[in-house]
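> Need coordinates for the following:
(one chain, ligands or ions: 3)
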Amino acid sequence: MSIKSLLASLLLISAASAQLSGSVGPTTPLSSKQSLICNVLNYGGQVGSSDIGPAIQKAFDECVTTKAGATLYVPAGNYNMQTWVTLKDGRGWAFRLDGFITRTSTSGGNMIAIQSANDFEFYSANSAGGIQGAGYQCRNAGPRLIRIVQSTNFSVHDLILVDSPEFHLVIEAGSSGEVYNMAIRGANIGGSDGVDVWGTNHWIHDVEVTNRDECVTVKSPASNILVERIWCNQSGGSAIGSLSDGTAIQNIQYRNVYTNGGNQAFMIKSNHGSGYVRSVTFENFISHDTAYGLNIDQYWSSQTPGSGAGVALSDITFSNWDGNVSDGVARPPIQLICADGAPCTGINLNNVNMWSKTDKAVVKCESAYGSGVSCIKSGSGGAYAKVTQTISRPGGYSTPTTMAGDLASGFATNAAIPTP
Ligand SMILES: *[C@@H]1O[C@H](CO)[C@@H](O)[C@H](O)[C@H]1NC(C)=O
Ligand SMILES: *[C@@H]1O[C@H](CO)[C@@H](O)[C@H](O)[C@H]1NC(C)=O
Ligand SMILES: *[C@@H]1O[C@H](CO)[C@@H](O)[C@H](O)[C@H]1NC(C)=O
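Ligands and ions are numbered 1, 2, ... in the order given. As a prediction, the model looks like this:
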């Protein structure tokens with residue numbers, strides 16, 4: 001059974017773009033971006049080049065510029081890169097990366113930053129284009145791979161991102177972006193985020209992530225973001241966070257998320273702070289052998305506390321979850337630890353059947369109001385101390401289905417990670 005049909009078998013009938021506020025992706029077709037092909041080989045680049053960066057920058061500056069209708073083209077083949085590029089203010093343009101680029105410098109920043117683009121498409125036509133970050137050579141001390149900054153009406157698709165020294169793909173603010181068909185393989189260590197996204201009206205779908213940090217994570221501020229068909233395959237798992245002062249997140253939906261061996265099936269994480277997370281739904285989750293399951297932790301110890309009394313969480317619904325954690329007594333399959341200074345309200349779990357591989361589990365709640373788990377209080381009210389309850393196996397629980405391609409463990413941190 002394919003991953004898609006497995007997840008499709010759990011799919012609820014719902015509108016295709018439930019949480020989006022409008023169309024996403026480039027406003028004009030790819031064909032309208034091909035009146036001018038800006039091939040890096042005509043701007044000083046060569047297949048096998050030791051630094052393709054300057055040719056990419058030159059092709060952008062001299063050929064794509066800011067007029068509409070051009071494609072920056074890196075033909076198939078291998079390239080090294082040691083000069084990072086910032087491609088700014090393009091409109092009506094495409095970046096066709098059929099070649100495969102390997103990082104060779106340890107400078108920080110972003111290997112490829114696309115800034116203030118509008119009507120933009122970044123893709124590989126042969127599904128073989130992408131970047132090898134060789135992060136094992138400079139762990140957490142090198143560049144991010146791709147960052148899309150303050151851009152509108154864009155897509156990023158069919159690219160392979162391997163072993164970034166830091167994060168793989170960051171969508172920083174902007175609006176109406178679409179990210180899909182991405183294969184991301186990072187190392188089994190923190191600081192290796194797959195996709196981090198914030199902004200307005202973005203759609204992230206059909207993404208596979210191996211790493212040991214964020215799988216696909218929404219950060220603040222964010223509104224109208226839909227994340228679906230995500231495979232966190234030996235990953236840190238997906239999250240909303242980390243959240244602190246001035247958080248503003250609403251109208252977010254995650255659905256059809258499969259997590260094998262992650263740190264969590266899903267986590268909302270903060271530590272004190274202020275602002276809100278509201279109108280969020282999590283639908284159709286399958287997970288197995290994760291450390292935590294459904295996890296709200298507003299005293300997340302890995303984060304420096306914000307100055308406010310807590311980020312207010314409200315109107316958050318979890319539906320149709322099936323999964324097990326490794327040890328449900330040590331780390332609960334369901335934990336709702338809300339800020340005493342801003343109790344959570346409207347946290348509703350429907351048909352959430354999280355359990356433990358050890359066949360024993362507890363659930364924990366603190367200052368949480370809503371329904372669907374024994375330790376939560378109904379209605380609304382003030383802070384209450386942490387309640388830990390032993391639960392029995394949920395009635396609806398069935399051992400979560402595994403996938404043929406599941407990895408038994410993550411990729412090594414000190415050796416090259418193969419390109420898929
Ligand atoms: C993005 O596209 C929408 C139409 O889909 C348009 O209304 C908006 O102005 C575009 N953004 C920019 C910055 O042109
Ligand atoms: C938990 O899930 C795994 C699949 O990863 C399965 O092999 C195991 O039997 C499950 N454990 C329980 C107690 O259901
Ligand atoms: C897990 O990752 C491996 C290696 O990237 C891949 O071959 C396999 O298809 C993935 N499995 C799933 C279920 O995503």
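> Flag every residue of the protein that's near ligand 1.
Within the chain, the positions near ligand 1 by CB under 6 Å from any ligand atom are 23, 27, 118, 152-153, 176. The way it works is simple: take the backbone N, C-alpha and C, and place the C-beta from them, glycine included.
> change it to 5 Å
With CB under 5 Å from any ligand atom as the criterion, the chain meets ligand 1 at residues 27, 118, 152-153.
> between those residues, which is closest to Glu366?
Thr152 (40.3 Å; CB to CB).
> who's in contact with the closest one?
Shown in contact with Thr152 (CB atoms under 8 Å, 6 or more residues apart in numbering): 117-119, 174-177.
> Just the buried ones out of those residues, please.
Buried by 16 or more other CB atoms under 10 Å: 117-119, 174-177, out of the contacts of Thr152.
> In TSV: these, plus secondary structure.
Shown next, in TSV, are those (DSSP: H, G, I helix; E, B strand; the rest coil):
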residue	secondary structure
Ala117	coil
Asn118	strand
Asp119	strand
Gly174	coil
Ser175	strand
Ser176	strand
Gly177	strand
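> Distance to Gly382 added to these, as TSV?
Supplementary listing: those in TSV, determined by distance: CB to CB, whole Å:
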residue	distance to Gly382
Ala117	48
Asn118	48
Asp119	50
Gly174	39
Ser175	38
Ser176	41
Gly177	40
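> Mind putting those residues into a markdown table with pLDDT and distance to Tyr299?
Output for the buried ones among the contacts of Thr152, formatted as a markdown table (pLDDT from 0 to 100; distance: CB to CB, whole Å):
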| residue | pLDDT | distance to Tyr299 |
| --- | --- | --- |
| Ala117 | 98 | 39 |
| Asn118 | 98 | 41 |
| Asp119 | 98 | 44 |
| Gly174 | 98 | 32 |
| Ser175 | 98 | 33 |
| Ser176 | 98 | 35 |
| Gly177 | 98 | 33 |
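> Relative to Pro143, which of the residues you listed is nearest.
Distances from Pro143 to the buried ones among the contacts of Thr152, taken by CB to CB, are shortest for Ala117, at 19.4 Å.
> Spatially nearest residue to that closest one (excluding sequence neighbours)?
Spatial nearest neighbour of Ala117, excluding adjacent residues (CB to CB, 6 or more residues apart in numbering): Ser151 at 4.2 Å.
> Isn't the one you found up against Gln115?
Yes: taking CB atoms under 8 Å as the definition, Ser151 is a contact partner of Gln115 at 7.1 Å.
> Measure how buried Leu226 is and give me the count.
Neighbourhood size, Leu226 [other CB atoms under 10 Å]: 21.
> the strands in the stretch 201-350 of the chain, which residues?
Remark: strands assigned in the stretch 201-350 of the chain by DSSP state E, counting those that start in this stretch are 214-233, 237-243, 247-260, 266-270, 275-290, 294-297, 312-325, 334-337, 344-356.
> Sweet, I'm off.
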